[in-house]
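A.B. asks: Pasting the sequence and the predicted model now:
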Amino acid sequence: MAYLRPATYELPFSNPDTSRDAAVQAQTFSGTQRQRVLDWFRSRGWFGGTMAECEVSLSLKRQSICARVMELRQAKQLTQTDDVRDRCRVFVAVDAPEGV
């Protein structure tokens, strides 16, 4: 997949124009989603959270959560732990406050 601009989190797209158009359109809300997802994981502290928990809490589709989590991991703002809850991996914000 190609990226519009990888350094600025611009979304991937395939070769067809419709896919590129969809990626450009999604760009308008992906930054807001990414911040909401990061804020949610930060609020969980070192207990962390799963994508399923985040999906329910933020009322976003799983595919949106997965995409934002992958972007945040690539940016080293989220880390995957060895913990598993309800058969889902637990993620923690790198700068999560302790004791939350």
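C.D. replies: Happy to help now that I have it.

A.B. asks: only C-alpha atoms for contact and neighbour calcs from this point on.
C.D. replies: Fine.

A.B. asks: quick one: the helices in the chain?
C.D. replies: Remark: helices assigned in the chain by DSSP state H are 17-43, 51-58, 62-74.

A.B. asks: count of residues packed around residue 81?
C.D. replies: Neighbour count of residue 81, defined by other Cα atoms under 10 Å: 13.

A.B. asks: just checking, it touches residue 93?
C.D. replies: No - between residue 81 and residue 93 there is no contact under Cα atoms under 8 Å: 10.3 Å.

A.B. asks: so how many other residues sit close to residue 41?
C.D. replies: The local packing count at residue 41 equals 27, with neighbours defined by other Cα under 10 Å.

A.B. asks: tally of neighbours for the residue nearest to it when sequence neighbours are not counted?
C.D. replies: Residue nearest to residue 41 in three dimensions, not counting chain neighbours: residue 93, with 5.6 Å by Cα to Cα, 6 or more residues apart in numbering. Residues lying near residue 93 (other Cα under 10 Å) number 26.

A.B. asks: cool, residue 56 as well?
C.D. replies: Residues lying near residue 56 (other Cα under 10 Å) number 11.

A.B. asks: low pLDDT regions in this structure?
C.D. replies: Low-confidence segments of the chain (pLDDT under 70): 1-30, 99-100.

A.B. asks: ok, longest strand in it?
C.D. replies: Counting by DSSP state E, the longest strand found in the chain is strand 78-85.

A.B. asks: Identify each buried residue in that strand, please.
C.D. replies: Neighbour-count burial for strand 78-85, counted by 16 or more other Cα atoms under 10 Å, picks out 78, 79, 80.

A.B. asks: Thanks again, I'm all set now.
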